[in-house]
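Student: I would like the atomic coordinates for the input below:
(2 chains)
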Amino acid sequence: MNNQEALIEVKNLKKHFPIMRGVFRKQVGAVKAVDGVSFKIYKGETLGMVGESGCGKSTTGRSILQLLKPTEGTVRFKDMDLTSLSAAELRKARRHMQMIFQDPYASLNPRMTVGSIVSEPLEIHNIGKGAERKERVKDLLKIVGLNPYFVNRYPHEFSGGQRQRIGVARSLATNPDFIVADEPISALDVSIQAQVVNLMDDLKSELGLTYLFIAHDLSMVRYISDRVAVMYLGKIVELSDKDELYDHPLHPYTQALLSAIPLPDPEREATRQRIVLEGDVPSPSDPPSGCHFHTRCSYTTDICKEADPEFRDLGTTATPHWVACHHAEKFS
Amino acid sequence: MTHLLEVQDLVTKFYTEDGIVHAVNGISYTLDEGESLGIVGESGSGKSVGVLSVMGLIPSPPGKIESGKALLNGRDLLHLSKGELQNVRGKEIAMIFQDPMTSLNPVLTIGKQLTEAVKLHLGMDSEAANKRAAEMMHLVGLPNAADRLNDYPHQFSGGQRQRIMIAMGLSCNPSVLIADEPTTALDVTIQAQIVELIKQLQEKLGMALIWITHDLALVAGMVDKVAVMYGGYIVEFAPVEDLYKQPNHPYTLGLLHAMPKIDAKEQTRLASIEGMPPDLRLELLQCPFAPRCPYAIDKCWQENPSLIATGPNRYSACWRWEDIKEEKTFGGA
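Tutor: Residues are numbered from 1 along each chain as shown, chains lettered A, B, ... in the order given. Down below sits the predicted model:
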């Protein structure tokens, strides 16, 4: 993975949302949704990003695409620094990076036909004209497995899985290189999830796409990703090749997360040792000192409460394994 | 032999402006003391409507229980008066709902909501009820329980609220606890906490449990038997080990192969069940799964199979269950 070309390079990305109080809207604090994350996404790979609600995974995705202006840090896409582009330059760059949203019921305008939804990106970026554009829309619908005759229908005429396909078609319209998929299957039933995941997987190899796949379903993330990043309270706590991460998790949070997943196998469930984390995720507006995880970790020592652990590589040259834990060596 | 709870041929329909929705089309199951049953199905499969009917919680109109029986200790819950039903609900049979954010009353203190049931059903006075409430909070693992009785729901986190719901459900020592997707709104690590808690409490208090979920993996480790629902029918019913080892219905088979295996080194392509769930407004003559089933033969389109005994304590509603049993993949994918 190391010698590959990085398509996206995120450095020390921070996104803080101010908390305003009082008549004069004075800032009294900040929700540190993303608090200094750095990673690369290589060309042609799928980077999975997992974590619980409120850990900042969606905010990270949106900050990369500049849908949210990062508070600090840089995002390099190809040879551009997205954080320093002007609005016009950014609009131009946007055609190369698109997003698929979580809720297929809320992310499609109910008053637009499928045709106009899918061709809107083409209009915005001035790609093609009249008949050519119509052809492209029909092609896109075919690519995602929908009948091209559906162009004049409205979103409410489709099921959840079909709507998500429309969302995928829209994101592909401008021939992007990079797609952020923000929990694209969470709102779908199990039998439909597989349809959408298989589609995304096929498109990736056919069109040479690069994905940031954000999800909380760890088994689906292992299935679709090449590498996986685990987030907790605004920070990436572990990042590695998916097999390495799932087979040898080095961060206590990853270990707990993996052991919390139910397996569809009664015999193994019966003998399985489960790490059950105590308590809840602390508030990101007032994160714990030192290692953010120390309040729920069973290996906590004094250093965890005082010092923020360094994000370091404990893997090999072939498979780097980044982890932010003072005691990670204990687990390797 | 009499069962603790016996549901027989329950049919529930909704009379809406768009037509009659056939939500539950004749489901039957039994539950013995201390036993646990998982009801698994996708949205619209009728899994929730099935138990809400038993609890007498179907809004009517538009809903109507057309036929069937739900015998709790031999008494038919479907034919009780409102008053009689009130005496049973919350006392002998209790329910926990999916969304802990909306199922607690935001303007009443936790203490008030927790003591309501015991005051009503067990006739406790305030002092005894408060003591009982604190006990229940302690039982479900909420720290400094007694001090928090005057707190409001918003002062608790999602996982804590679900614990409070469980405490409410258990406060009268019910013989049956129905949990309707109690962990769906929660994160995985919190889900694991709640699952462990309910398992422990079931062991300790010896109640019977019905766990409704869309997640086939979730019930694998916690129930004795599983009913798989599709399109308002129970399509497969089996002891938990048998179901996962050798599904006898193509829908169960498909679901198991549509889930990625988290610990598998070599990932095989996920089986995808093409198409979508049936429109419940149509009364079906064929097998409800036939349009999505790679194994469907002519007979499946002509006649809807009822549950057939396919082994000890197990049933499948499939004409081709003997072939399905031998399948190692879904539709050869």
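
Student: C-alpha only now, for contacts and for neighbours.
Tutor: Fine.

Student: could you dump the helix or strand that contains residue A:30 to PDB, C-alpha only?
Tutor: Here residue A:30, judged by DSSP states H and E, is contained in strand A:26-42. The C-alpha trace of strand A:26-42 is given here as PDB (Å, rounded to 0.1, in the frame of the first residue of the first chain):
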ATOM      1  CA  LYS A  26     -20.900  34.800  23.200                       C
ATOM      2  CA  GLN A  27     -18.900  31.700  22.500                       C
ATOM      3  CA  VAL A  28     -18.700  29.700  25.700                       C
ATOM      4  CA  GLY A  29     -17.200  26.500  24.300                       C
ATOM      5  CA  ALA A  30     -16.900  24.200  21.300                       C
ATOM      6  CA  VAL A  31     -18.000  20.800  20.300                       C
ATOM      7  CA  LYS A  32     -14.800  19.200  19.100                       C
ATOM      8  CA  ALA A  33     -16.500  17.000  16.500                       C
ATOM      9  CA  VAL A  34     -13.200  16.300  14.700                       C
ATOM     10  CA  ASP A  35     -10.100  17.000  16.800                       C
ATOM     11  CA  GLY A  36      -7.000  16.500  14.700                       C
ATOM     12  CA  VAL A  37      -7.100  13.600  12.300                       C
ATOM     13  CA  SER A  38      -4.500  12.700   9.700                       C
ATOM     14  CA  PHE A  39      -4.700  10.000   7.100                       C
ATOM     15  CA  LYS A  40      -4.300   9.200   3.400                       C
ATOM     16  CA  ILE A  41      -6.600   7.600   1.000                       C
ATOM     17  CA  TYR A  42      -4.800   5.800  -1.800                       C
END
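
Student: between the first helix or strand past it going along the chain and strand A:26-42, how many degrees?
Tutor: Downstream of strand A:26-42, the next assigned helix or strand under DSSP H and E is strand A:46-50. Interaxial angle, strand A:46-50 versus strand A:26-42 (axes from the mean of the first three to the mean of the last three CA atoms, to 10 degrees): 140 degrees.

Student: which SS class is residue B:273?
Tutor: With DSSP: H, G, I helix; E, B strand; the rest coil as the basis, residue B:273 sits in coil.

Student: can you tell me how far it sits from chain A?
Tutor: 6 Å (CA to the nearest CA, to the nearest Å).

Student: can you count the residues close to that residue?
Tutor: Residues within reach of residue B:273, counting by other CA atoms under 10 Å in any protein chain shown, total 24.

Student: isn't it up against residue B:289?
Tutor: No: counting by CA atoms under 8 Å, residue B:273 sits too far from residue B:289 to count as a contact (10.2 Å).

Student: OK, now which residue of the stretch 151-300 of chain A is nearest to chain B?
Tutor: Nearest residue of the stretch 151-300 of chain A to chain B: residue A:264, at 3.8 Å (CA to the nearest CA).

Student: pretty sure that residue sits against residue B:220.
Tutor: Yes: counting by CA under 8 Å, residue B:220 is a contact partner of residue A:264 at 5.5 Å.

Student: now for these two: what residues contact both?
Tutor: residue B:244 (CA atoms under 8 Å, 6 or more residues apart in numbering or on different chains).

Student: ok, the two, which is more surrounded?
Tutor: More neighbours surround residue B:220 than the other of residue A:264 and residue B:220, with 25 against 22 (other CA under 10 Å).

Student: residues in the stretch 1-150 of chain A within reach of chain B, list them.
Tutor: The stretch 1-150 of chain A comes close to chain B at residues A:52, A:53, as judged by CA under 8 Å from any CA of the partner chain.

Student: so where do the helices sit in the stretch 1-150 of chain A?
Tutor: For the stretch 1-150 of chain A, the helices defined by DSSP state H, counting those that start in this stretch cover A:57-64, A:87-94, A:114-124, A:130-143.

Student: for the ones you listed, which one sits closest to residue B:188?
Tutor: Closest approach to residue B:188 among the helices of the stretch 1-150 of chain A (CA to CA): helix A:57-64, 15.3 Å.

Student: residues contacting that closest one, please?
Tutor: Contacts of helix A:57-64 (CA under 8 Å, 6+ apart): A:10, A:13, A:15, A:33-34, A:49-51, A:68-70, A:75, A:180, A:182, A:212, A:214, A:231, A:234.

Student: strand A:26-42 and that one, what's the angle between them?
Tutor: Put simply, helix A:57-64 runs at 80 degrees to strand A:26-42, going by the same axes, to 10 degrees.

Student: using PDB, write out every CA atom in helix A:57-64.
Tutor: Extracted C-alpha coordinates of helix A:57-64, given in PDB (Å, rounded to 0.1, in the frame of the first residue of the first chain):
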ATOM      1  CA  LYS A  57     -17.000  10.200  11.300                       C
ATOM      2  CA  SER A  58     -19.600  12.000   9.200                       C
ATOM      3  CA  THR A  59     -18.100  15.400  10.100                       C
ATOM      4  CA  THR A  60     -14.700  14.100   8.800                       C
ATOM      5  CA  GLY A  61     -16.300  13.100   5.500                       C
ATOM      6  CA  ARG A  62     -18.100  16.400   5.100                       C
ATOM      7  CA  SER A  63     -15.000  18.400   6.000                       C
ATOM      8  CA  ILE A  64     -12.900  16.600   3.400                       C
END
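
Student: show me what contacts residue 306?
Tutor: If you meant another chain, say so; for now it's chain A. So residue A:306 contacts A:289, A:290, A:291 (CA under 8 Å, 6+ apart).

Student: please refer instead to chain B.
Tutor: B:316, B:317, B:318.

Student: nearest residue to the second one other than its sequence neighbours?
Tutor: Once flanking residues are discounted, residue B:317 sits nearest to residue B:307: 4.2 Å by CA to CA, 6 or more residues apart in numbering or on different chains.
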